[in-house]
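Peer 1: Got a sequence here, can you model it:
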Amino acid sequence: MLRLIIDALRFDPRAYRAVRNDPVATVPVLLFVALCVLAAGVVALPSGGLPAFGVTAASAFVSWTVFVLAAYVFGTKALPGAETQATLGQLARTLGLALAPTLLLVFGVVPALQVVVVPLALVWTVFTTLMALRETLGVGTLRALLVAVLSYGAAAIVGSFLTPPGAAG
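Peer 2: This next block holds a predicted model:
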């Protein structure tokens with residue numbers, strides 16, 4: 001799994017194809033997703049302590065789940081490519097692997113580093129997500145970008161209803 005994570009960080013499409021085609025990778029990838037959402041929670045520790053950590057980690061998991069579901073709907077039903085035959089499991093595995101850059105968020109426990117770490121992790125994750133969508137859906141970059149934007153929008157809308165005002169920091 002470590003080799004796949006490193007390859008995903010390097011934008012190696014073989015990593016995404018490997019987890020896409022390996023149903024046995026589902027549990028390890030979901031455990032990896034759990035690790036990534038905990039890393040996201042670490043960013044909230046300095047400003048809000050354990051309650052903010054919990055809310056942020058839970059919100060990150062819900063957002064990721066909604067993103068995967070939305071990407072499945074948009075990518076396979078609403079905007080499929082000519083060769084799109086992705087399953088929900090395949091998308092969950094590849095989009096879970098695409099969270100690899102969020103591991104950097106553990107350095108956000110140091111408030112002074114947040115100004116660098118958070119934007120870096122966010123931008124890097126956008127690009128790994130695009131790679132995951134391209135490889136899983138069998139589409140080009142523009143269609144993957146459209147699916148990503150729509151899916152991020154869906155996740156943001158759902159997240160806005162689930163997170164109490166001011167709870168995330």
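Peer 1: Contact partners for the residue nearest the centre of the chain?
Peer 2: Compute the mean C-alpha point of the chain, and by Cα atoms, centre = their mean the closest residue is residue 99, 4.2 Å away. By Cβ atoms under 8 Å, 6 or more residues apart in numbering, residue 99 lies in contact with 32, 33, 36, 64, 125, 128. No exception for glycine: its C-beta is placed from N, CA and C like everyone else's.
Peer 1: and the second one, what is it in contact with?
Peer 2: Right, residue 33. 61, 64, 96, 99.
Peer 1: Would you mind giving these as JSON lines with pLDDT added?
Peer 2: Supplementary listing: the contacts of residue 33 in JSON lines, determined by pLDDT from 0 to 100:
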{"residue": "61", "pLDDT": "94"}
{"residue": "64", "pLDDT": "96"}
{"residue": "96", "pLDDT": "97"}
{"residue": "99", "pLDDT": "97"}
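Peer 1: Which ones among the residues you listed lie within strands?
Peer 2: Of those, none are assigned to strands by DSSP state E.
Peer 1: and which of these is nearest to residue 155?
Peer 2: Among the contacts of residue 33, residue 64 lies closest to residue 155 (Cβ to Cβ), at 7.6 Å.
Peer 1: Give me the distance between the closest one and residue 110.
Peer 2: 24 Å (Cβ to Cβ, to the nearest Å).
Peer 1: again with residue 147
Peer 2: 35 Å.
Peer 1: Looking at these two, which has the bigger crowd around it?
Peer 2: A direct count of neighbours by other Cβ atoms under 10 Å for residue 147 and residue 110 places residue 147 higher, at 29 against 11.
Peer 1: hang on, the earlier thing: most neighbours, which of the contacts of residue 99?
Peer 2: Busiest of those [other Cβ under 10 Å] is residue 36, holding 26 neighbours.
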